[in-house]
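S.K.: Just to be clear, the model below is a prediction. Sequence and coordinates:
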Amino acid sequence: MNNEQGDTIRLLIADDHAMILEMLQIYLNGVSDIKVATVPDLPSAVQEIDANGPYDLVLVDLDMPGMDGLTGLAKALQHNGGRPVGILTSSPSARVVEEVMSLGGAGIVLKTASLKNLANEIRFMAGGGRYLPIELVEKRQVATEEPGMGLSRREFGVLELLAEGMPNREIG
């Protein structure tokens with residue numbers, strides 16, 4: 001895609017939930033300017049990108065077995081030749097939102113959102129924009145405005161991981 005009207009956006013979606021992939025594919029097959037391919041995991045996404053990419057946009061599920069979504073984002077960015085890669089997830093923490101954006105992610109698509117804006121979100125990210133739903137923008141603003149009780153950014157991140165239930169050994 002080179003941002004001219006009439007071009008077809010090549011989209012790759014990686015998600016381990018078959019029903020999510022099938023529903024997105026059915027919906028997006030009805031959108032004339034988006035051609036979607038789907039894969040069930042990150043290794044398949046990397047293989048697909050290497051064989052048929054780069055894609056105009058790759059969306060990677062944040063939580064797939066055997067991987068950390070942020071590692072998945074970085075790996076997909078590396079293989080997609082500098083083209084946009086975004087995250088597909090249900091409810092990311094403020095820390096995850098911040099890390100997705102700082103790693104150069106194209107944005108975050110919420111699985112909990114309506115399909116009515118999905119095609120426009122895809123077009124926006126594929127065209128080089130960075131997309132965050134308004135509720136994530138607000139979450140991000142609140143997180144940066146909170147004083148953090150005198151903690152460094154790293155300390156606050158560790159505290160957030162503890163609150164999410166992650167064991168100390170995994171945090172260290």
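M.R.: Okay, I see it.
S.K.: how many neighbours does residue 127 have?
M.R.: 16 (other C-beta atoms under 10 Å). (C-beta placed from N, C-alpha, C; glycine too.)
S.K.: And residue 38, how close does it get to residue 25?
M.R.: Noted for residue 38: a distance of 6 Å to residue 25, by C-beta to C-beta, to the nearest Å.
S.K.: My error: substitute residue 114 in the last question.
M.R.: If you go by C-beta to C-beta, the gap between residue 114 and residue 25 works out to 17 Å.
S.K.: okay, the two: which has more neighbours?
M.R.: When residue 114 and residue 25 are compared on other C-beta under 10 Å, the one with more neighbours turns out to be residue 25, at 14 against 7.
S.K.: follow-up on the earlier one: now list whatever residues contact both of residue 38 and residue 25.
M.R.: residue 13 (C-beta atoms under 8 Å, 6 or more residues apart in numbering).
S.K.: The spatially closest residue to residue 38 that is not a sequence neighbour: helix or strand, and which one exactly?
M.R.: Once flanking residues are discounted, residue 38 sits nearest to residue 21: 4.3 Å by C-beta to C-beta, 6 or more residues apart in numbering. Residue 21 belongs to helix 18-29 when assigned by DSSP states H and E.
S.K.: Give me the buried positions along that helix.
M.R.: Neighbour counts over helix 18-29 (16 or more other C-beta atoms under 10 Å) mark 21, 24, 28 as buried.
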